[in-house]
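J.: Prediction below, plus the sequence it came from.
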Amino acid sequence: MIFIMRKTFFTLALLIVSFIGKAQFKELYPEEEKIYLTDEAAKNWKAEDNEMYESYWDIFGEGCSWYCGTGYPEKIEASSHLKSQGNNNYEEKNLHDLFYNTPWVEGVPGYGVGEWVKYTFQANCSRITEIHVVNGYVKSQVAWKNNSRVKRLKVYVNDKPFAILNLEDSRSDQTFKIEPLNDSVEWTMKFEIMEVYKGDKYDDTVLSEVYFDGIDVHCFAAGTKILLADNSLKNIEDIKEGDKVVSYNIITGKKVTATVEKTAAVSHKNLVTYVFEGGKKITATDDHPFLTEQGWASSNPAKTANYKNYEKVLQIKVGDIFATVNGYTKLVSKSVSPESKMTYTIVKLAGGDTFYANDVIVGTEEQK
């Protein structure tokens, strides 16, 4: 068994069997190396050494994830849950509170085979590429052994069979990789208990957490003007694969023509509006990279660094000088709007990795 400190969570290299074919019904196995949860590590955990986390059991703390762009599922429901005992409740909401130590416990006699929990997602949410399952009652070794755990979990998308997750009987965070998944309308993902590992003391079957990670993070609001190779402008939401755009070659300092190979459209919250000298503005997700006088910068450098070519990203601040189609411009203000809006971006270009959006130079968002 490998024991790993919590702070390695975001840099851990995972060996995962990938899901092949969205329409096929496949059995998925967890990666060989994972985050193990232990009583000893929880006991020795110190807040002063882990400023980002509320507790040892906090999954993300203030770190970035798929949730930064999408928010949370619209609704979570379950076929049953165990009645509360004292101050402890075992409702389905616990399965997605992003804390390891609060579980969902099914509430029917026996081992709960056939019981389920269902997540409802908003239309055009960021694409899901990973399902994380924390199996059993992981808050302590005793609770984990005494209660039953899931051995096989059947996954449905919009109530149609999608995959079977083969869970290890381990007190850990298990990851399953799937092809990018979302929908243009509200959609659901359901997890049904197929088979269990029996507990030493109780029939009750427990899952502590089922949560997600994915892609599609930095994008622009509709209406953002993209400079095409023929010097005309086109709204970002109308850009299609095959379109020719103007790209800036950072090495040569020259403008070149690049071809759009891939685009994306997703719903996002907390968009940032940047206002420049002269009144020009642009609205984007907080991690979208902009070329400044000092190099690549964004309002959330840690998130931006998850994409190709952005190993070193600066923090955008008012007064920064941004590179534009005709030279440079100064940032005079920035503000954040909490409402959710559709956003769009160019994910990949042939012949370049930058483009012009509302005259400023921005980068593509190809996944590492």
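T.: Structure received.

J.: Are we agreed that Ala302 is in a helix?
T.: Yes - Ala302: assigned to a helix according to DSSP: H, G, I helix; E, B strand; the rest coil.

J.: where does it land on pLDDT?
T.: pLDDT recorded at Ala302 is 77.

J.: again, but for Lys254
T.: Looking at Lys254, its pLDDT reads 95.

J.: Tell me who's in contact with Trp144.
T.: Gly136, Tyr137, Val138, Arg171 (CB atoms under 8 Å, 6 or more residues apart in numbering). Glycine gets a C-beta too; all of them are placed from N, C-alpha and C.

J.: Check which helix or strand it maps to.
T.: According to DSSP states H and E, Trp144 maps onto helix 141-146.

J.: Who are the packing partners of the helix or strand just after that helix?
T.: Sequence-wise, the next helix or strand beyond helix 141-146 is strand 149-157, with elements assigned using DSSP H and E. Strand 149-157 makes packing contacts with strand 128-135, strand 160-166, strand 187-197 when contacts are defined by 3 or more CB pairs under 8 Å, 6 or more residues apart in numbering; DSSP states H and E.

J.: Now those in TSV, please, with extra columns for mean neighbour count, mean pLDDT and distance to Lys330.
T.: Below are the helices and strands packed on strand 149-157 laid out as TSV (neighbours: other CB atoms under 10 Å; pLDDT from 0 to 100; distance: least, CB to CB, whole Å):
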stretch	mean neighbour count	mean pLDDT	distance to Lys330
strand 128-135	22	92	38
strand 160-166	18	95	50
strand 187-197	19	97	43
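
J.: okay if I get these as a markdown table plus distance to Asp243?
T.: Below are the helices and strands packed on strand 149-157 laid out as a markdown table (distance: least, CB to CB, whole Å):
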| stretch | distance to Asp243 |
| --- | --- |
| strand 128-135 | 26 |
| strand 160-166 | 33 |
| strand 187-197 | 29 |
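
J.: so which of those strands comes closest to Val246?
T.: Of all those, strand 128-135 sits nearest to Val246, with 30.9 Å by CB to CB.

J.: same for the closest one, what does it pack against?
T.: Packing partners of strand 128-135 (3+ CB pairs under 8 Å, 6+ apart): strand 149-157, strand 172-181, strand 206-214.

J.: count of residues packed around the closest residue to Ser298 other than its chain neighbours?
T.: Spatial nearest neighbour of Ser298, chain neighbours left out: Thr304 (4.3 Å); criterion: CB to CB, 6 or more residues apart in numbering. Other residues within reach of Thr304, judged by other CB atoms under 10 Å, total 28.

J.: Sort out which residues of the lengthiest strand in the chain are buried, please.
T.: Taking DSSP state E as the assignment, the strand of the chain that covers the most residues is strand 254-268. By neighbour count on 16 or more other CB atoms under 10 Å, the buried set for strand 254-268 is Lys255, Ala258, Thr259, Val260, Glu261, Thr263, Ala264, Ala265, Val266, Ser267, His268.

J.: same deal with stretch 318-329?
T.: Asp320, Phe322, Ala323, Thr324, Thr329.

J.: now swap in stretch 331-341 and tell me
T.: Result for stretch 331-341 [16+ other CB under 10 Å]: buried residues Leu331, Lys334, Ser340.

J.: who are the neighbours in contact with the last one?
T.: Read that as Ser340. Ser340 touches Gly71, Gln122, Ser267, His268, Lys269, counting by CB under 8 Å, 6+ apart.

J.: Present these as CSV; the columns should include pLDDT and distance to Tyr36.
T.: Shown next, in CSV, are these (pLDDT from 0 to 100; distance: CB to CB, whole Å):
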residue, pLDDT, distance to Tyr36
Gly71, 57, 29
Gln122, 84, 33
Ser267, 70, 35
His268, 73, 34
Lys269, 73, 33
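
J.: Closest to Asn94 out of those residues?
T.: Closest approach between the contacts of Ser340 and Asn94, by CB to CB: Gly71, at 18.5 Å.

J.: ok, for Ser247, nearest residue in space, not its chain neighbours?
T.: Closest residue in space to Ser247, ignoring its immediate chain neighbours: Gly352 at 2.9 Å, by CB to CB, 6+ apart.

J.: surely that neighbour meets Ala258?
T.: Yes - in this structure, Gly352 is within contact of Ala258 by CB atoms under 8 Å, at 3.3 Å.

J.: Mind listing the shared neighbours of the two?
T.: Val245, Ser247.

J.: backbone phi and psi for the closest residue to Thr364 other than its chain neighbours, please?
T.: In space, Thr364 comes closest to Asp353 once its chain neighbours are excluded; the distance is 5.1 Å by CB to CB, 6+ apart. Phi and psi for Asp353, reported as degrees, to the nearest 10, are phi -140, psi 20.
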